[in-house]
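Q: 3D, please:
(one chain, ligands or ions: 1)
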Amino acid sequence: MDKSGSSNSYKMDCPELKRLWDLYMGSLAAFHESQKPFLDGIRPHDSHYSRMRVAKERATSELIGARKNYWDHVQSHGCRQSVKAAGNQRQTLDRLRSELESASGAFQRALEKFHPLIQIMEDVGPTADRKSVV
Ligand SMILES: [Zn+2]
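A: Residues are numbered from 1 along each chain as shown. Next comes the predicted model:
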């Protein structure tokens, strides 16, 4: 699918890695966006509540999926190994680490901040109001 066979020229700016990173960060922004109605105090009897909750579920699962895709790519494409092989080891590993810490930190902060809301979502269950929304 790509030219990953023989080349050793992967870098951290691997286009696919960057694409997945952008998707990851985009899904994180969308995740935050989807929490807003709930932080603003939307109530179960409000007319948009069901739709907002479905949107939030979707944003949450997209965030988890984007995070997984990013990590899967790091592992399967071997971006890390080729970075090591490139020789500029300390600099690239520092950069890799800070990128990963940034991603992991943002994700953890999001989860901690919104954990109560996610908990509510899980308690209610993902299918509870899907039929009334779509
Ligand atoms: Zn890659």
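
Q: which regions of this structure sit below the pLDDT cut-off?
A: Applying pLDDT under 70 to the chain flags residues 1-13, 80-93, 111-134.

Q: The chain against the ion: which residues are in contact?
A: 14, 17, 77, 79 (Cβ under 5 Å from the ion). Using the backbone N, CA and C atoms, a C-beta is placed for each residue, glycine as well.

Q: again, 6 Å this time
A: Within the chain, the positions near the ion by Cβ under 6 Å from the ion are 10, 14, 16-17, 73, 77, 79.

Q: Out of these, which is nearest to Ile42?
A: His73 (35.6 Å; Cβ to Cβ).

Q: now that closest one: how far from Leu17?
A: His73 is 6 Å from Leu17, where distance means Cβ to Cβ, to the nearest Å.

Q: quick one: common contacting residues for those two?
A: Common contact partners of His73 and Leu17 (Cβ atoms under 8 Å, 6 or more residues apart in numbering): Cys79.

Q: Tyr24 touches Ala103, doesn't it?
A: Yes. Between Tyr24 and Ala103 there is a contact at 6.4 Å, judged by Cβ atoms under 8 Å.

Q: show me the contacts for Ser34.
A: Residues counted as contacts of Ser34 (Cβ under 8 Å, 6+ apart) are 52, 55-56, 58-60.
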